[in-house]
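Peer 1: sequence plus the predicted model coming up.
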Amino acid sequence: MESRQSSKFTLAAFTSPRIKRKYLRKYSWLPDVLRLKGSIIGRIIGPVLTVTIFATLVAYAWSKGKRVVLTNSVVPLLSVVVGLILVFRNSTSYDRFWEGRKCFSSVTSNVRNLSRMIWIHVSLPPAEDHPSHVLGKTPTSALTTAQLKRQKIEVLQFCVAFAYAVKHYLRNEDGPDYDDYTGILPASFTRIHDLGYTTAQDSSSPKSYDATSSASDSAHNSPDATKRVRRKRSKKMLVGHATASASTTPLLSNSHQTVEFHPYADRMSIPFPLLIAHELSSAIFRFKREGLLETVGPAGMNAMSGLVQSMVDQMTSMERVANTPIPAPYGIHLKQCVTLYLFALPLTLVNDLGWSTIPIVTVVAFTLMGIEGIADEIEMPFGYDAHDLPLDTYCDDLREEIEFMIERLPEGGHGAHGYDDGEGDD
């Protein structure tokens with residue numbers, strides 16, 4: 001028994017602990033050099049093998065005595081052009097990726113600030129009689145402390161829901177019918193369907209943002225270039241334009257037409273984040289009207305309204321990134337130039353290198369096509385790809401912070417006497 005325990009002790013003493021990759025990266029590039037998971041190899045393996053096969057055919061033809069040699073003056077001309085295009089392509093794609101990250105972090109910051117201001121500064125006015133020595137008027141409110149807290153919790157839920165709504169909207173998932181809205185959207189928000197709002201998942205809803213397109217027209221609409229966000233709403237054809245002869249204004253004879261406006265979801269729509277922003281602005285206005293913002297005055301209300309406006313601005317900036325893809329001719333021409341360069345390369349090297357041309361051309365193809373593959377991978381940062389922004393994590397962390405605020409952090413106290421009308425003491 002003792003010998004067995006001593007042998008286990010000796011084996012454990014001489015067994016070295018497993019070194020994790022993240023620690024080994026500090027001392028060597030080898031873990032990342034040999035890494036396949038998370039690399040761009042899986043995305044470019046097909047084009048690289050195509051170039052390798054072509055180089056093999058060139059080397060085989062050269063070994064059989066065929067003349068497949070190309071002058072060396074062609075490759076330097078192409079290499080300069082290919083290098084400039086690849087640098088611009090990669091920098092443009094990363095700028096789009098970084099722009100998306102900055103905008104969503106601004107949304108997160110605005111939600112944090114707005115939630116904190118509402119939780120602290122929205123409070124009931126003092127219930128005591130108005131003192132004679134205080135100028136101005138003291139507003140009163142019929143709300144109880146529990147009712148006010150419930151209203152503030154709903155507004156904080158709207159703040160979190162805005163971040164989730166922006167995430168879904170950028171992924172072409174506009175609407176409230178998603179699991180992560182559970183426990184966030186207040187129950188009082190069910191009236192959105194009465195306002196004529198339908199989600200993108202509804203089979204009867206239009207597939208594009210065209211407010212006046214019919215069902216037959218929407219079936220022929222081409223998908224958006226980003227494949228993430230639907231096309232921006234356009235009103236190129238007004239309702240009733242096709243039936244001009246039947247809908248005319250008698251007082252203006254037959255030279256003018258009447259236009260019918262239908263405020264329903266089959267004729268027009270609005271992004272779901274804007275509905276939530278509307279509710280936030282309405283809540284701030286309601287708090288001010290009921291005298292619940294006396295601790296901050298008009299400046300505090302303006303600050304809260306500015307945060308909501310900034311949230312919408314950042315959403316619009318991310319919408320700009322998602323709705324503005326890199327022009328297709330640019331990407332096509334880049335691939336054509338890289339392919340032409342790689343197919344011309346073995347013709348210029350085979351006379352000097354022979355069969356060694358194959359591995360050299362493969363390495364060059366892997367390098368150039370890898371840069372293009374990385375740029376194509378990160379140019380749209382809002383989707384579900386492995387290297388897109390982790391928007392789900394950002395939203396879940398923000399939700400946890402707001403829930404902690406509601407459960408653990410105290411609210412603000414009652415407001416002081418006096419009514420701040422924003423005119424100063426002069």
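Peer 2: That came in fine, so what should we check first? Numbers count the residues shown, from 1 in each chain.

Peer 1: helix/strand/coil for residue 58?
Peer 2: helix (DSSP: H, G, I helix; E, B strand; the rest coil).

Peer 1: identify the residue nearest it in space, chain neighbours excluded?
Peer 2: In space, and not counting its chain neighbours, residue 58 is closest to residue 346: 4.4 Å by CB to CB, 6 or more residues apart in numbering. Just so you know, the C-beta spots here come from the backbone N, C-alpha and C atoms, and that holds for glycine as well.

Peer 1: please apply the same query to residue 333.
Peer 2: According to CB to CB, 6+ apart, the nearest residue to residue 333 is residue 85 (7.7 Å).

Peer 1: before we move on, what about residue 284?
Peer 2: The nearest residue in space to residue 284 (CB to CB, 6+ apart) is residue 304, at 4.9 Å.

Peer 1: correct me, but that neighbour touches residue 283?
Peer 2: No: Residue 304 is beyond contact range of residue 283, at 9.3 Å (criterion: CB atoms under 8 Å).

Peer 1: neighbour-wise, which of the two wins?
Peer 2: Between residue 304 and residue 283, counted using other CB atoms under 10 Å, residue 304 has the larger neighbour count: 26 against 20.

Peer 1: any stretches of the stretch 51-200 of the chain with poor pLDDT?
Peer 2: 127-140, 190-200 (pLDDT under 70).

Peer 1: if we can go back for a sec, after the helix or strand hosting the residue nearest to residue 333 comes which helix or strand?
Peer 2: Assigned by DSSP states H and E, residue 85 belongs to helix 74-121. Next along the chain after helix 74-121, taking DSSP H and E as the criterion, comes helix 145-170.

Peer 1: can you read off the pLDDT for residue 41?
Peer 2: pLDDT for residue 41: 87.

Peer 1: quick one, what contacts it?
Peer 2: Contacts of residue 41 were listed using CB atoms under 8 Å, 6 or more residues apart in numbering, and they are 366, 370.

Peer 1: distance of the residue nearest to residue 58 from residue 280?
Peer 2: Taking CB to CB, to the nearest Å as the measure, residue 346 falls 62 Å from residue 280.

Peer 1: count of neighbours near residue 55?
Peer 2: Neighbours of residue 55 (other CB under 10 Å): 26.

Peer 1: which helix or strand contains it?
Peer 2: helix 41-63.

Peer 1: buried residues in that helix?
Peer 2: Within helix 41-63, the residues scored as buried using 16 or more other CB atoms under 10 Å are 44, 47, 48, 51, 52, 54, 55, 56, 58, 59, 62.

Peer 1: and of the residues you listed, the nearest to residue 403?
Peer 2: residue 44 (43.1 Å; CB to CB).

Peer 1: right, and the closest one touches residue 373 too?
Peer 2: Yes: using CB under 8 Å, residue 44 makes contact with residue 373 at a distance of 4.5 Å.

Peer 1: re the thing from before, got the CA coordinates for the helix holding residue 55 in PDB?
Peer 2: This file holds the C-alpha atoms of helix 41-63, laid out as PDB (Å, rounded to 0.1, in the frame of the first residue of the first chain):
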ATOM      1  CA  ILE A  41      -7.900  28.600 -44.000                       C
ATOM      2  CA  GLY A  42     -11.400  27.100 -44.200                       C
ATOM      3  CA  ARG A  43     -12.700  30.100 -46.200                       C
ATOM      4  CA  ILE A  44      -9.900  30.200 -48.800                       C
ATOM      5  CA  ILE A  45      -8.900  26.500 -49.100                       C
ATOM      6  CA  GLY A  46     -10.800  26.100 -52.400                       C
ATOM      7  CA  PRO A  47      -9.300  29.000 -54.300                       C
ATOM      8  CA  VAL A  48      -5.800  28.200 -53.000                       C
ATOM      9  CA  LEU A  49      -6.100  24.600 -54.200                       C
ATOM     10  CA  THR A  50      -7.200  25.900 -57.600                       C
ATOM     11  CA  VAL A  51      -4.000  27.900 -57.900                       C
ATOM     12  CA  THR A  52      -1.900  25.000 -56.700                       C
ATOM     13  CA  ILE A  53      -3.400  22.700 -59.300                       C
ATOM     14  CA  PHE A  54      -2.700  25.200 -62.000                       C
ATOM     15  CA  ALA A  55       0.900  25.600 -60.800                       C
ATOM     16  CA  THR A  56       1.200  21.800 -60.900                       C
ATOM     17  CA  LEU A  57       0.000  21.600 -64.500                       C
ATOM     18  CA  VAL A  58       2.500  24.300 -65.500                       C
ATOM     19  CA  ALA A  59       5.300  22.500 -63.800                       C
ATOM     20  CA  TYR A  60       4.300  19.200 -65.500                       C
ATOM     21  CA  ALA A  61       4.100  20.900 -68.900                       C
ATOM     22  CA  TRP A  62       7.600  22.400 -68.300                       C
ATOM     23  CA  SER A  63       9.000  19.000 -67.300                       C
END
